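Peer 1: predicted model follows, preceded by the sequence.
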Amino acid sequence: MTVLSPPRPAIIDRALRDARRWCAGHTIDDRPALVHAVRVAVTIGDHVPQPPPDLVAAALLHDVPDFAPATPDIYQTLAAGYRPEVPRIIAALQAEHRALDEPDPPISVNDLPVLLASTADKIVAVGSLLRRAHASGDTPGFFARRPALLALLPHFRVFQQTAHPRVPASMSARLDLTLTRLEQATATIQTASTR
């Protein structure tokens, strides 16, 4: 049974309906965007006993600002349909995503709901990339074509180590294992790029 198994709180039902609508036709990591959103929500539920429904709703909707029509403003729409915590978490995750495109992105661990969602998002995103790399039959080549991801690997490791004392131990261990697998899969690429 997952956090999305019925019966579930009305806010999660609404978030799932909205995520289906706004994610329709969009992809993340070459997979339907809704699959990514659901996996992030389920990952939170796998590691956080009885997660707050607002956190699960935010996880389901965390990428919709990238997909929803620009007008009306998505945050106004979210504020009208959800308690304030949901758009707040989404906005913080969006800011974190944008920061990953900048040199030396900051790591903040003081906001537990955002930290939990961010950790789950990294577990799901990196895990998905690892599965796709393996399925490609050319794992080193798959990752060699993603230099931006390789450049972020040290940041993700520092994030995991910084978040470790604040997130559930099982969640930290899962991110650690996922990052270790990525480090192993990209070791030859990393070594070749430092020569």
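Peer 2: The structure has been received and is ready for your questions.
Peer 1: just the strands in the protein please.
Peer 2: Secondary structure of the chain (DSSP state E): strands located at 27-28, 31-32.
Peer 1: now render those strands as a markdown table, adding mean neighbour count.
Peer 2: Just so you know, the C-beta spots here come from the backbone N, C-alpha and C atoms, and that holds for glycine as well. Output for those, formatted as a markdown table (neighbours: other CB atoms under 10 Å):
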| stretch | mean neighbour count |
| --- | --- |
| strand 27-28 | 16 |
| strand 31-32 | 14 |
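Peer 1: would you mind telling me which of those strands is nearest residue 151?
Peer 2: Closest approach to residue 151 among those (CB to CB): strand 27-28, 19.5 Å.
Peer 1: which non-adjacent residue is nearest residue 18?
Peer 2: Excluding the flanking residues, the one nearest residue 18 by CB to CB, 6 or more residues apart in numbering is residue 61, at 6.2 Å.
Peer 1: list the contacts for that neighbour?
Peer 2: With contact taken as CB atoms under 8 Å, 6 or more residues apart in numbering, residue 61 is in contact with 15, 18-19, 22, 37, 78, 86, 90.
Peer 1: helices of this structure, start to end?
Peer 2: 10-23, 33-47, 53-61, 74-81, 85-99, 112-136, 139-144, 147-163, 169-193 (DSSP state H).
Peer 1: so which of these is the most packed in?
Peer 2: Of all the helices of the chain, helix 53-61 carries the top mean neighbour count, a mean of 27, counting by mean count of other CB atoms under 10 Å.
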